[in-house]
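Trainee: One predicted model, sequence on top.
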Amino acid sequence: MDLLRAIILGVLQGATEFLPISSSGHLVLVPWWLGWDESPLVFDVTLHLGTLVAVLVYFWRDWLTLLRAAWTALRTRSVQDPDARLLLYLVLGTIPAALAGLLLEDFFSSVFGAPWVVAVFLLVTAALLVVSERTHHTGKDVSGITALDALIIGLAQACSILPGLSRSGSTIATGMWRGLSRPDAARFSFLLAAPIIFGAGFKQVLDVLLGNETIPHDLVTPMIAGFLAAMIVGYLCIWFLLRLVQQRRLYGFALYCAVFGTLSLLVALLT
């Protein structure tokens, strides 16, 4: 793998993991468009670690607050603190995606990983974003999330195991449908991303270890470049989206998914 390809894939991972346009979809379709071979598993692990670092660093104050609230809740045996409840709901929202990833990821990737299928799910992502904006009614912030809200958003995140269905897009859209403001839906989506990105990366690390996969000497520099690209671009995209949703709607991302999905679908069906 050359350095330029590693940086491009790192930028793709960092941007599409957090923007509502599907990281899995782009990591299938872009190499397919460019005629690239599948990346080594150890390289994919590195990209996931880059995006994990991005979300942990960006929200470091939130994570410290949540950890303090968890410690207090353990000592007092109470979850009356809103931060303790938020952490509990993040755990609850992670469970569906964790089970889906553990039990079904390989199956869905093999069955639904064809470029034309991924393109169709990009169109589904576009439709979700449009519907969420057209039906949006805001009435609460993150502190007002209920256990049912967290579970439903978590189920939406689990559905994003389908390549082309955006994780951030489905969770933000579902959060808005449940009455969260656009910025609060995005914040909850990003916080919910950390454990699932960690889990996906941990599973890939196990696959590497169990498969006795070694790191070729010439892959070290591309891995470092991909990691840095995913981390930096991921951080910037979190910053960008959280500010964008304060004033603008998600129609632009829906249009992008619709155009890219339609073009990819047409090319896949005609070739």
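Mentor: Cool, got the structure.

Trainee: Residue 126 reaches residue 257, doesn't it?
Mentor: Yes: contact criterion C-beta atoms under 8 Å: residue 126 and residue 257 qualify, at 3.9 Å. (C-beta placed from N, C-alpha, C; glycine too.)

Trainee: Overlap in contacts, these two.
Mentor: By C-beta atoms under 8 Å, 6 or more residues apart in numbering, residue 126 and residue 257 have no common neighbours.

Trainee: where along this structure do the helices fall?
Mentor: 3-18, 23-34, 41-58, 60-76, 82-112, 115-134, 147-159, 167-177, 182-210, 220-247, 251-270 (DSSP state H).

Trainee: closest to residue 140 out of those?
Mentor: helix 182-210 (7.6 Å; C-beta to C-beta).

Trainee: That closest one - contacts with which helices or strands?
Mentor: Under the contact criterion of 3 or more C-beta pairs under 8 Å, 6 or more residues apart in numbering; DSSP states H and E, helix 182-210 touches helix 3-18, helix 41-58, helix 82-112, helix 147-159, helix 167-177, helix 220-247.

Trainee: Return the list of helices and strands in contact with the fifth one.
Mentor: It refers to helix 167-177. helix 3-18, helix 115-134, helix 147-159, helix 182-210.

Trainee: Poorly predicted segments of the stretch 1-150 of the chain, please.
Mentor: Residue ranges of the stretch 1-150 of the chain with pLDDT under 70: 105, 109, 111-112.

Trainee: Mind listing what's buried along stretch 133-142?
Mentor: The neighbour-count check on stretch 133-142 (16 or more other C-beta atoms under 10 Å) flags 136, 141, 142 as buried.

Trainee: Please apply the same query to stretch 196-207.
Mentor: Quick answer for stretch 196-207 (16+ other C-beta under 10 Å): 196, 197, 198, 199, 200, 201, 203, 204.

Trainee: Arrange those in a markdown table, one row each, with distance to residue 232 and pLDDT as further columns.
Mentor: As requested, these are arranged in a markdown table below (distance: C-beta to C-beta, whole Å; pLDDT from 0 to 100):
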| residue | distance to residue 232 | pLDDT |
| --- | --- | --- |
| 196 | 21 | 86 |
| 197 | 16 | 85 |
| 198 | 19 | 85 |
| 199 | 23 | 81 |
| 200 | 20 | 76 |
| 201 | 18 | 76 |
| 203 | 24 | 74 |
| 204 | 21 | 71 |
